[in-house]
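>>> this one's structure only:
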């Protein structure tokens, strides 16, 4: 392998990373907005339907706790998948479906049932994209001199 061929491959990878960075940033921002918005939305919905900030706080806490437990497992699954994009798409869809079920049940079903659905939303969430744990060197251009 000649030096020119090696240089071309390195440049090709750097170009691919540079093209992927804007897509990653847009996706990460949108997912973070959805994640943080879900917390605010759950609290406001609980206030409207149950007139209790305590119920809203309980739902927010129930949404946060599984993230600590499930994040490593989902990250590992994403790392080992042939198509990580499909894993991430599935988790985001699961997050949306679980939150929708919580929204439908809140105020209509017993509170333990609703709180039990909330961790399902968190565990099906989108941790690899919403947390700064992705190897950015796989999508970002190398630093000058690096």
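Right, received. Where do you want to start? Remember, predicted model here, so these are calculated numbers, not experimental data. Numbers count the residues shown, from 1 in each chain.
>>> count of neighbours near residue 28?
Using other Cβ atoms under 10 Å as the criterion, residue 28 is surrounded by 17 other residues. C-beta here means a position set from N, CA and C on the backbone, and glycine is covered the same way.
>>> what strand or helix carries it?
Per DSSP states H and E, residue 28 falls inside helix 3-50.
>>> go on, residue 90?
Going by DSSP H and E, residue 90 is in helix 84-105.
>>> what comes up buried for that helix?
With burial defined by 16 or more other Cβ atoms under 10 Å, the residues of helix 84-105 counted as buried are 87-88, 91-92, 94-96, 98-99, 101-103, 105.
>>> just checking, what packs against it?
With contacts taken as 3 or more Cβ pairs under 8 Å, 6 or more residues apart in numbering; DSSP states H and E, helix 84-105 sits against helix 3-50, helix 53-80, helix 111-123, helix 127-130.
>>> compute the inter-axis angle for that helix and helix 53-80.
160 degrees (axes from the mean of the first three to the mean of the last three Cα atoms, to 10 degrees).
>>> was I right about residue 98 contacting residue 105?
No - taking contacts as Cβ atoms under 8 Å, residue 98 lies outside contact range of residue 105: 10.7 Å.
>>> can you list residues touching both of the two?
By Cβ atoms under 8 Å, 6 or more residues apart in numbering, residue 98 and residue 105 have these common neighbours: residue 117.
>>> does residue 57 touch residue 43 like I think?
Yes - applying Cβ under 8 Å, one finds residue 57 in contact with residue 43, separated by 7.1 Å.
>>> neighbour count for those two, which is higher?
Taking other Cβ under 10 Å, residue 57 and residue 43 do not tie; residue 43 has more neighbours (17 against 13).
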